[in-house]
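1. Just to be clear, the model below is a prediction. Sequence and coordinates:
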Amino acid sequence: MKSTNPVFTGIETTIFETMSRLAMAHNAVNLGQGFPDVDGPQDIREEAARSLVEGPNQYPPMLGLPELREAVAEANSRFYGLDIDPKSEVIVTSGATEALADCIMALVSPGDEVVLIEPLYDCYLPMVRRAGGVPVRVRVSPPSWTLDEQALRAAFSDKTKAILINNPMNPTAKVFSEAELQLICDLCREHDAYAICDEVYEHLVFDGAEHRPLMTFEGMRERTVRIGSAGKTFSLTGWKVGYITGPAELLDPIGKAHQWVTFTTPPNLQRAVAYGLRKDDSYYQGLALDLAQKRDRMAKGLEAIGFTVLPCAATYFLTCGFERLGLGTTDVEACQRLVTEAGVAAVPVSAFYGGNAPTGFVRFCFCKQDWVIDEALARLSAFLTAARSESA
Ligand code: PMP
Ligand code: GLN
């Protein structure tokens, strides 16, 4: 038989699915895959239910329901002062994942280089490769994960078609600084490159830090596409409703990619997300505040039992070193032991690298109920105490 596409053949199942399967098999507390364990606002879910019953439930317009596209444009103005035309500058997608696929397919041609910042969300590399693009990776390193100017500069060339950045960033929990964003803008303009901005964690930013979309920087409006996810903004990750905002010239081919990927997204979910985006400021502030408290609860507990917890300014995630705990030499080994022996699932941070990854960090997801966080900490503590007394 002829070979299947090497981009997808023989590769591993995504780490998030793998860890969730293991968590289920071992009855573990699942702090691996990033999802809240309480569903988002009831009024948004009721809106989706009402709209499902009342209908219509037929194909919505390909680029998204007008009311959701208008709500996305309004949110861009309200939060970032961006002036977006809902008719030509917004596309609704089935999750940010689809949005990423559409943008990469539409902007990247075979042989184009795409700059990626590593650690990277795991779909980026296969998606760029599937488009025939050539990934050029630039690494940021713990604990500060600061972008190195020389390294980024060296990654750009005449062949650079785009940079794909994730800000706020999974798994580092970093919000890019103004200076880092300015550097990215300068390089994009110097090399006439596009910026694909995965900003799914835009509203999950803590301690007064502010998320500033790259699109708001001078000279970037016409070369940037910005991706959001209702899954993250409304704690409804299973809904898979995303949105792309960008200039009409870029959204035209991106919309053509979208028309043959999913074509559209369930209409009741679109109506409910339109309703959700118009929630008042207290909703958005409450979301971030609630998550920051969970972050603190988990960070304090993990530190107390010997993990090295790195700073976390945003997202759902804490990245931790485990060098003092005798959990093994690699993060994969540590996660395997944690899920099978301690009954707590985490994610090895090496899964966010294209190769030659550092292996000393694991990622814990903290968007869980307080008692779930406490249960996970109690399990970890009991396991580590038992392991210590065994080796003593
Ligand atoms: N980008 C990043 C950085 C993510 O962490 C995720 C996971 N939610 C996605 C994209 C995918 O988002 P969605 O579930 O809306 O497809
Ligand atoms: N974004 C989520 C994470 O980082 C996972 C999403 C998925 O499983 N597709 O955990």
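-> That came in fine, so what should we check first? Ligands and ions are numbered 1, 2, ... in the order given.

2. you'd agree residue 195 is in a strand?
-> Yes: counting by DSSP: H, G, I helix; E, B strand; the rest coil, one finds residue 195 located in a strand.

3. So it is in contact with residue 222, correct?
-> No: applying Cβ atoms under 8 Å as the test, residue 195 and residue 222 come out as separate, 10.6 Å apart. Every C-beta, even on glycine, is put in place using the N, C-alpha and C of the backbone.

4. Please say which of these two ends up with more neighbours.
-> Using other Cβ atoms under 10 Å as the criterion, residue 195 and residue 222 rank with residue 195 on top: 26 against 12.

5. quick one, what contacts the more buried one?
-> The contact partners of residue 195, by Cβ atoms under 8 Å, 6 or more residues apart in numbering, come to 162-163, 165, 184-185, 188, 214-215, 220, 223-225.

6. now the helices: where do they sit in this structure?
-> Residue ranges of the helices in the chain, as given by DSSP state H, are 15-25, 42-54, 66-80, 95-107, 124-130, 149-155, 178-190, 230-233, 248-259, 267-277, 281-304, 331-337, 370-391.

7. Can you tell me how far the residue nearest to residue 33 when sequence neighbours are not counted is from residue 108?
-> Using Cβ to Cβ, 6 or more residues apart in numbering and skipping the chain neighbours, the partner closest in space to residue 33 is residue 16 (4.0 Å). From residue 16 over to residue 108 the distance is 24 Å, taken as Cβ to Cβ, to the nearest Å.

8. So which of these two has more stuff around it?
-> residue 108 (24 against 16).

9. Thought residue 129 was touching the more buried one, still the case?
-> No: the criterion here is Cβ under 8 Å, and residue 108 misses it with residue 129 at 10.0 Å.

10. count of neighbours near residue 185?
-> 21.

11. what sits against the closest residue in space to it that isn't next to it in sequence?
-> Nearest residue to residue 185, sequence neighbours excluded (Cβ to Cβ, 6+ apart): residue 217, at 4.5 Å. Counting by Cβ under 8 Å, 6+ apart, residue 217 touches 181-182, 185.

12. can you pull the pLDDT of the residue in the stretch 51-200 of the chain that ligand 2 sits nearest to?
-> Minimum separation of the stretch 51-200 of the chain from ligand 2 (Cβ to the nearest ligand atom) falls at residue 170, amounting to 5.1 Å. On pLDDT, residue 170 comes in at 98.

13. ok, the closest residue to ligand 1 within the stretch 51-200 of the chain - contacts?
-> Nearest residue of the stretch 51-200 of the chain to ligand 1 (Cβ to the nearest ligand atom) works out as residue 95 at 2.9 Å. Going by Cβ under 8 Å, 6+ apart, residue 95 touches 229, 231, 240-242.
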